[in-house]
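Dropping the sequence and predicted coords here.
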Amino acid sequence: MDKFCINHPDNKALSFCHSCGHFFCKDCLQEGIEFYYCKKESCQQQLQEEKLQKAENSIITNKKSITNQYKFMEKIFILGIIGSILLFIGVFTPIVSIPIMGNINYFNNGKGDGVIILAISILSFILVLFKKYKGLLYTGFGSLAVLIFTFVNFQIKMNEITSQMNSELADNPFKELANTAISSIQLQWGWALLVIGSILIITSSKLKNEKFI
Ligand SMILES: [Zn+2]
Ligand SMILES: [Zn+2]
């Protein structure tokens, strides 16, 4: 059944007024943000209130999104700082244990590739402090590259030593002992810190770029 306008009985109603509930034609209604209102004074007031309410809501939503963005930036910052510190500490933690000689760290009294990592960790720290997250992509992948280089070098050297020993000590009764000693050379937990540190630095940079392109 069709409804008709309360002011114009010949006109079909478009809708009803959200405030007073009467049906009205197109000419008698005004569109709010969500609802229709008629032109009665009290109903027009309701219309204004609806608009105000909407405006307030959008301000609240904006505030929330700014707060979220701020929190997100804080997380990226902390991630970058932790990554740089882990990398820094990682340089001075054991990466290889050798029987009798003991543990060796990446710094190795300034002789190891760890010196490069040390520089990278300090540079990363400074980049985070100044919020230059793009640069972290280079320091992060740079340190990973150095780590891989050292790791591969280490494996090659180990193979060299093993084959050298095998040929030199071919008939030596100590051959077994030497082999046991070599096979007990072990990688240490410092690697974990170094790799995790690098990954955190890269993640921090990646997250920043993804969110604000
Ligand atoms: Zn009304
Ligand atoms: Zn009407």
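Alright, I've got the coordinates. Ligands and ions are numbered 1, 2, ... in the order given.

The residue lying closest to residue 100 once chain neighbours are set aside and residue 158: what is the separation?
Nearest residue to residue 100, sequence neighbours excluded (C-beta to C-beta, 6 or more residues apart in numbering): residue 181, at 7.9 Å. Glycine gets a C-beta too; all of them are placed from N, C-alpha and C. Distance check for residue 181 against residue 158: by C-beta to C-beta, to the nearest Å, it reads 12 Å.

just to revisit the earlier point, what residues sit buried inside the helix or strand hosting the residue nearest to residue 100?
In this assignment (DSSP states H and E), residue 181 forms part of helix 175-183. The neighbour-count check on helix 175-183 (16 or more other C-beta atoms under 10 Å) flags residue 178 as buried.

Kindly export that helix (C-alpha atoms) in CSV.
Written as CSV, here are the backbone C-alpha positions of helix 175-183 (Å, rounded to 0.1, in the frame of the first residue of the first chain):
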residue,chain,number,x,y,z
LYS,A,175,95.1,-38.8,13.0
GLU,A,176,91.9,-40.0,14.8
LEU,A,177,92.6,-37.5,17.6
ALA,A,178,93.1,-34.6,15.1
ASN,A,179,89.8,-35.5,13.3
THR,A,180,87.9,-35.7,16.6
ALA,A,181,89.3,-32.2,17.5
ILE,A,182,88.2,-30.8,14.2
SER,A,183,84.8,-32.3,14.3
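
In the protein, what residue spans correspond to helices?
41-91, 114-129, 133-168, 175-183, 190-211 (DSSP state H).

Identify all contacting residues around the fourth one.
Outside helix 175-183, the residues that touch it by C-beta atoms under 8 Å, 6 or more residues apart in numbering are 99-100, 158, 161-162, 165-166, 169, 172.

Any chance of these in a markdown table with neighbour count and distance to ligand 2 as columns?
Output for the contacts of helix 175-183, formatted as a markdown table (neighbours: other C-beta atoms under 10 Å; distance: C-beta to the ion, whole Å):
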| residue | neighbour count | distance to ligand 2 |
| --- | --- | --- |
| 99 | 12 | 98 |
| 100 | 5 | 101 |
| 158 | 14 | 92 |
| 161 | 13 | 98 |
| 162 | 14 | 98 |
| 165 | 17 | 103 |
| 166 | 13 | 103 |
| 169 | 15 | 108 |
| 172 | 11 | 111 |
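
Include pLDDT when you put those into a markdown table, please.
Listed next are the contacts of helix 175-183 as a markdown table, based on pLDDT from 0 to 100:
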| residue | pLDDT |
| --- | --- |
| 99 | 82 |
| 100 | 81 |
| 158 | 89 |
| 161 | 86 |
| 162 | 84 |
| 165 | 82 |
| 166 | 81 |
| 169 | 79 |
| 172 | 79 |
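
From these, pick the one nearest residue 210.
Nearest to residue 210 among those is residue 158, at 39.7 Å by C-beta to C-beta.

what distance separates the start and the end of stretch 96-107?
12 Å (C-alpha to C-alpha, to the nearest Å).

Ligand 1 contacts on this protein?
17, 19-20, 38, 40, 43 (C-beta under 5 Å from the ion).
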